[in-house]
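Fold the following.
(one chain, ligands or ions: 1)
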Amino acid sequence: MVSKILIANRGEIALRIVRACKELGIPCVAVHSTADDNAMHVRMADEAICIGPPQSATSYLSIPAIISACNVTKADAVHPGYGFLSENADFAQVLEDHDITFIGPRSEHINLMGDKIAAKQTMASLGIDCVPGSDGPVADASQAAKIAGDIGYPVLIKAAAGGGGRGIKIARSAGEIDQAFATAAAEAMVAFGDDALYVEKYLQRPRHIEIQVFGDGAGKAVHLGERDCSLQRRHQKVFEETPSPCINDDTRHEIGSRCANAVAAISYSGAGTVEFLYEDGKFYFIEMNTRLQVEHPITESVYGVDLVHEQIRVAAGQPMSFVQEELCIRGHSIEVRINAESFPSFAACPGTVSAFHSPGGPGVRTDSALYSGYRIPPHYDSLIGKVIVHASDRRATLAKLNQALDELIVDGIDSTVELFQLLLNEPDILEGNYNIHWLEGWLSGK
Ligand code: ADP
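Just a heads-up that it's a prediction; the model follows:
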């Protein structure tokens, strides 16, 4: 049973979860820092409680503050959204210890997949291929150089605790290993408090293909196809689509079933994403995210499901509402991430939004917590909204996206809308002909 949900997040995802709670008739509580007094998620939730000062470390990332907020508001479940505490196994465990339901997988699975080295070992043991590289953590630069010599340059040095594209450095030759190792370790220590590193072969022209999975926690799991998230800047996704222009029904069925079977084998509970690099017809596992992804709406569009409703349902101990045979794709969907950043410098530019108008019409969804007059605080991620479009095929979806971006008004601050308007004139994008390095190459010409 879940009778009141506390949403341990902010911004568009907190609002997304508020909507789901209200649709399901479950009271919800917003938490907020002092910088977010006027945030939309706070206005829309049934109750709101301040959990600390603007800095995330002492508010949205503070486990004691969130547990106290649950006690004060009598919330018996927590939805973590993405980012912040969503992949923190200690948080899930502390909630469990307090008899509060964590709307997500069990802490043991968060722990297992949170360590990317352990995740690769687990997936390999479940029959899923990984990017060639070190079998475990590498102790120092000379061990990394030895492995790189064996698998061949270029290689990536990656943080075991990594996330958000941080702690990833490339070494193109033996002469670059020392520097790459030292910078990756330093970055990982600052970002994650853990400088364990591993080595992976650097793939030259893969696509990033991820499989959405969902488990009932009792050994049953389904997949909901793939998302192609190959358009990236600094290893961070900016544009996602499903189906992928390079995956056919047979391939989807094959890789999707393998992923669903793998998570079923560990009795995984709730939403998860198995991420791969895909090159020359082969999938190489890179990591699993044990939470809802930013780009989940495109999967919802083509499968006609609500993943947040489903997360809440399964966390409340009910069976999954869908079975694999019923899940079929209808049409095509694309999401673009709009950031409060100047283009083409990508410098963050928080400030006051003087006017905001979201695009509309059939098949157009805007997930954003902006409103006219809202002051974007400088303390958080620069994502201010996502435009998601859905149409019968890829061509029609691109046309719809073009129109939606023309209608979108975000005045008073700079945003990355122009990036997408330019991309929609690029033949490679129109033809679906891009890999994970395409966007960086294109931007270097700007
Ligand atoms: P994070 O957890 O920080 O997001 P990932 O391991 O998921 O890190 O990788 C993020 C992105 O970095 C991938 O989507 C891909 O673009 C790039 N990347 C990761 N591993 C490799 C690799 N072995 N070769 C080439 N690019 C890679």
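
Next SSE downstream of the one helix or strand R365 maps to?
Using DSSP states H and E, R365 maps to strand 364-368. Using DSSP H and E, the helix or strand that directly follows strand 364-368 along the chain is strand 383-391.

for the strand holding R365, packing partners?
Where contact means 3 or more Cβ pairs under 8 Å, 6 or more residues apart in numbering; DSSP states H and E, strand 364-368 is packed against helix 11-24, helix 296-303, strand 383-391, helix 394-407. Quick note: C-beta positions are derived from backbone N, CA and C, even for glycine.

K220: how many residues sit nearby?
17 (other Cβ atoms under 10 Å).

ok, back up a step: which among the helices and strands packed on strand 364-368 is found nearest to A171?
With Cβ to Cβ, the closest approach to A171 among the helices and strands packed on strand 364-368 belongs to strand 383-391: 30.5 Å.

Mind giving me the packing neighbours of that closest one?
helix 11-24, helix 296-303, strand 332-339, strand 364-368, helix 394-407.

Can you give me the pLDDT of S269?
The model reports S269 with a pLDDT of 98.

Kindly report the same for the one 4 residues further on.
T273 is assigned a pLDDT of 98 by the prediction.

for V353, same thing?
On pLDDT, V353 comes in at 98.

how many neighbours does it have?
21.

Turn the helices and strands packed on strand 383-391 into TSV, columns for distance to the ligand and mean neighbour count.
As requested, those are exported to TSV (distance: least, Cβ to the nearest ligand atom, whole Å; neighbours: other Cβ atoms under 10 Å):
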stretch	distance to the ligand	mean neighbour count
helix 11-24	17	21
helix 296-303	16	24
strand 332-339	14	25
strand 364-368	20	20
helix 394-407	21	17
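
Mind putting these into JSON lines with mean pLDDT?
Formatted as JSON lines, these follow (pLDDT from 0 to 100):
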{"stretch": "helix 11-24", "mean pLDDT": "98"}
{"stretch": "helix 296-303", "mean pLDDT": "98"}
{"stretch": "strand 332-339", "mean pLDDT": "98"}
{"stretch": "strand 364-368", "mean pLDDT": "98"}
{"stretch": "helix 394-407", "mean pLDDT": "98"}
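
what pairs with the strand holding R365, and is each one parallel or antiparallel?
Paired with strand 364-368 in the same sheet, following DSSP bridges, are strand 383-391 (antiparallel).

List the contacts of the strand it pairs with.
Under the contact criterion Cβ atoms under 8 Å, 6 or more residues apart in numbering, strand 383-391 has outside partners 11-12, 294-295, 297-298, 301-302, 331-340, 358-359, 363-370, 376, 397, 399-401, 404-405, 408, 410, 415.

May I see the buried residues of stretch 170-184?
For stretch 170-184, burial by neighbour count (16 or more other Cβ atoms under 10 Å) applies to 171, 176-177, 180-181, 184.

residues from the stretch 51-200 of the chain in reach of the ligand?
131, 156, 162-166, 168, 200 (Cβ under 6 Å from any ligand atom).

quick one: the nearest residue to T122 once chain neighbours are set aside and the ligand, what's the gap?
Residue nearest to T122 in three dimensions, not counting chain neighbours: L112, with 6.0 Å by Cβ to Cβ, 6 or more residues apart in numbering. Between L112 and the ligand the computed distance is 15 Å (Cβ to the nearest ligand atom, to the nearest Å).

i'd like the first residue to be 21 from this point on
OK, 21 is where the count begins now, so the last one is L132.

how far does the helix or strand hosting L132 sit from the chain's center?
Per DSSP H and E: L132 is located in helix 127-134. Relative to its parent chain, helix 127-134 has a centroid offset of 16 Å by Cα atoms, centre = their mean, to the nearest Å.

can you check stretch 379-399 too?
The answer for stretch 379-399 is 19 Å, by Cα atoms, centre = their mean.

Could I get the buried residue list for it?
In stretch 379-399, counting by 16+ other Cβ under 10 Å, buried: 379, 383-390, 394, 396-397, 399.

Next, report how far the helix or strand G461 falls within is displaced from the centre of its chain.
Using DSSP H and E, G461 sits within helix 458-464. Remark: helix 458-464 is offset 22 Å from the chain centroid, using Cα atoms, centre = their mean.

what does stretch 352-359 rub up against?
257-263, 314-315, 317-319, 321-322, 366, 388, 402-414, 416-418, 421, 425, 428, 430, 435-437, 440.

please redo it, this time with the cut-off set to 7 Å
257-263, 314-315, 317-318, 321-322, 402-411, 413-414, 417, 421, 435-437, 440 (Cβ atoms under 7 Å, 6 or more residues apart in numbering).

do the same with stretch 131-140
With Cβ under 7 Å, 6+ apart, stretch 131-140 has contacts from 107, 109, 142, 150, 156-157, 178, 180-182, 218, 305, 307-308, 310.

Filter those residues down to just the ones in helices.
Of the positions in the contacts of stretch 131-140, 109, 142 sit in helices, assigned by DSSP state H.

sorry, back to before: next, format the helices and strands packed on strand 403-411 as CSV and append distance to V210.
As requested, these are arranged in CSV below (distance: least, Cβ to Cβ, whole Å):
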stretch, distance to V210
helix 31-44, 23
helix 316-323, 29
strand 352-359, 22
strand 384-388, 30
helix 414-427, 35
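
Tell me which of the ones you listed sits nearest to I120.
helix 31-44 (15.4 Å).

list the helices and strands the closest one packs on?
strand 25-27, strand 48-53, helix 60-64, helix 327-335, strand 384-388, strand 403-411 (3 or more Cβ pairs under 7 Å, 6 or more residues apart in numbering; DSSP states H and E).

Now do that helix against helix 327-335: the angle between them, please.
60 degrees (axes from the mean of the first three to the mean of the last three Cα atoms, to 10 degrees).

Can you show me the CA trace of helix 31-44 as PDB?
Extracted in PDB, the C-alpha atoms of helix 31-44 (Å, rounded to 0.1, in the frame of the first residue of the first chain):
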ATOM      1  CA  GLY A  31      12.000  20.800 -11.600                       C
ATOM      2  CA  GLU A  32      10.200  19.100 -14.500                       C
ATOM      3  CA  ILE A  33      10.500  15.600 -13.100                       C
ATOM      4  CA  ALA A  34       9.000  16.600  -9.800                       C
ATOM      5  CA  LEU A  35       6.100  18.100 -11.600                       C
ATOM      6  CA  ARG A  36       5.800  15.000 -13.800                       C
ATOM      7  CA  ILE A  37       5.500  12.800 -10.600                       C
ATOM      8  CA  VAL A  38       3.000  15.200  -9.000                       C
ATOM      9  CA  ARG A  39       0.800  14.700 -12.100                       C
ATOM     10  CA  ALA A  40       1.000  10.900 -11.800                       C
ATOM     11  CA  CYS A  41       0.200  11.000  -8.100                       C
ATOM     12  CA  LYS A  42      -2.900  13.200  -8.700                       C
ATOM     13  CA  GLU A  43      -4.100  11.000 -11.600                       C
ATOM     14  CA  LEU A  44      -3.900   8.000  -9.300                       C
END
